[in-house]
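> sequence? don't have it. structure:
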Ligand code: ADP
Ligand code: MG
């Protein structure tokens, strides 16, 4: 990198974010910054506030206080017109797909185009087919209904829909959860391709250590209402912090560390509680 390289552009900036449900404090003056074209992950124990943070970043929920700026726009007090415009600049893949069961996959993928553009049906179908291909699905999957899809196909269909409007920014909630190792490995590759081919910025929530080691640029560890540490996995692994250390200890965490894929994937929150859960989730 030359001495004149510009500082990376910040595309999400969160300052002093607090979220409370009654007297339950979920976020306590949390700060976070995501840069353009990075693959950024948020990790943390169950109940640490990851999904809530994601919902706040995509205008589905309001924080109690603090500021969130996404793609240069302040989310607090945003007008309806500005919110509509902003929503078209990001795509979201929800954990359980979020597809409409009464629509075919192709109709689901084309839906954002029907809602937000004046394009005709034939062109919308053509574009939806292209997004399906991009997400690694065969054209015939377009005619199927969500209930007919495997878990991996469902995630890909949901991703295809998230890509419908050519977003700059993609939010992924647990993109590999519940997938078999091969499907999950396919998602790793897809995420990298989307960033490398289209310059997308990607923010994900995940517990999947393989995904974290293999695709992320930076990872934020959420615990006790704040970001306890942020950095590459290698940097985090070196940090001596009580909320971060357990994440890198224990047999599963250790076996996921090499950058080569393992035959079976490692997850922090598989059927037995992983180190991260033990470290940072507390009985409420
Ligand atoms: P995570 O995704 O990290 O597992 P969540 O963001 O889903 O955690 O939830 C964080 C905490 O906030 C949990 O204790 C959860 O019960 C609580 N919470 C989330 N949403 C609500 C809500 N709408 N009303 C009350 N409590 C909520
Ligand atoms: Mg969650």
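Cool, the structure landed. Being a predicted model, the structure only gives us computed values, none of them experimental. Ligands and ions are numbered 1, 2, ... in the order given.

> drop to CA atoms for contacts and neighbour counts, all remaining ones
Fine.

> contact residues of the stretch 1-150 of the chain facing ligand 1?
Taking Cα under 6 Å from any ligand atom as the measure of proximity, the stretch 1-150 of the chain contacts ligand 1 at 21, 26, 46, 47, 48, 49, 50, 51, 52.

> which two of the residues you listed have the greatest separation?
Across these, the longest distance by Cα to Cα is 16.3 Å; it joins 21 and 46.

> the two: which is more packed in?
Set residue 21 next to residue 46 and count neighbours by other Cα atoms under 10 Å: residue 46 wins out with 18 against 10.

> mind checking the SS state of residue 31?
Assigned state for residue 31: strand (three-state reduction, DSSP: H, G, I helix; E, B strand; the rest coil).

> counting neighbours, what do you get for it?
18.

> excluding chain neighbours, give the residue nearest to it in space.
Sequence neighbours aside, residue 15 is the residue nearest to residue 31 in space, at 4.7 Å (criterion: Cα to Cα, 6 or more residues apart in numbering).

> from the residues of the stretch 1-150 of the chain next to ligand 1, keep the buried residues only.
The neighbour count (16 or more other Cα atoms under 10 Å) marks 26, 46, 47, 48, 49, 50, 51, 52 as buried among these.

> where exactly do the strands run in the stretch 1-150 of the chain?
For the stretch 1-150 of the chain, the strands defined by DSSP state E, counting those that start in this stretch occupy 10-21, 24-35, 39-44, 65-70, 73-74, 90-93.

> show me which residues of the helix ranked longest in the chain are buried.
Of all segments of type helix in the chain, defined using DSSP state H, the longest is helix 181-198. Neighbour counts over helix 181-198 (16+ other Cα under 10 Å) mark 181, 183, 184, 185, 187, 188, 190, 191, 192, 194, 195 as buried.

> residue contacts, the nearest residue to the third one once chain neighbours are set aside?
In other words, residue 184. Leaving out its chain neighbours, the residue that sits closest to residue 184 by Cα to Cα, 6+ apart is residue 176, at 5.2 Å. Residues near residue 176 by Cα atoms under 8 Å, 6 or more residues apart in numbering: 183, 184, 187, 206, 208.

> can you give me the helices for the stretch 151-284 of the chain?
Remark: helices assigned in the stretch 151-284 of the chain by DSSP state H, counting those that start in this stretch are 151-162, 181-198, 209-215, 233-238, 251-256, 275-280.

> the ones you listed: lowest mean pLDDT?
Here the helices of the stretch 151-284 of the chain differ in mean pLDDT, and the lowest is helix 275-280 at a mean of 39.

> looking at pLDDT only, which of the residues of the stretch 1-150 of the chain next to ligand 1 scores worst?
residue 46 (89).

> so what's the backbone phi/psi at it?
Note on residue 46: backbone dihedrals following degrees, to the nearest 10 are phi -60, psi 130.

> ok, residue 10 - how many residues close by?
Going by other Cα under 10 Å, the residues that sit close to residue 10 add up to 15.

> and for residue 16?
By other Cα under 10 Å, neighbour count at residue 16 equals 16.

> how near is the closest residue to it other than its chain neighbours to ligand 1?
Nearest residue to residue 16 in three dimensions, chain neighbours excluded: residue 29, at 3.7 Å (Cα to Cα, 6+ apart). Computed as Cα to the nearest ligand atom, to the nearest Å, the residue 29 to ligand 1 distance reads 15 Å.

> quick one, what contacts residue 29?
Residue 29 neighbours (Cα under 8 Å, 6+ apart): 15, 16, 17, 18, 66, 225, 226.

> redo that, cut-off 10 Å
14, 15, 16, 17, 18, 19, 65, 66, 67, 225, 226, 227 (Cα atoms under 10 Å, 6 or more residues apart in numbering).

> where does this structure dip in pLDDT?
1-3, 250-284 (pLDDT under 70).

> the residue nearest to residue 31 touches residue 74, doesn't it?
No - between residue 15 and residue 74 there is no contact under Cα atoms under 10 Å: 11.1 Å.

> alright, I will stop here.
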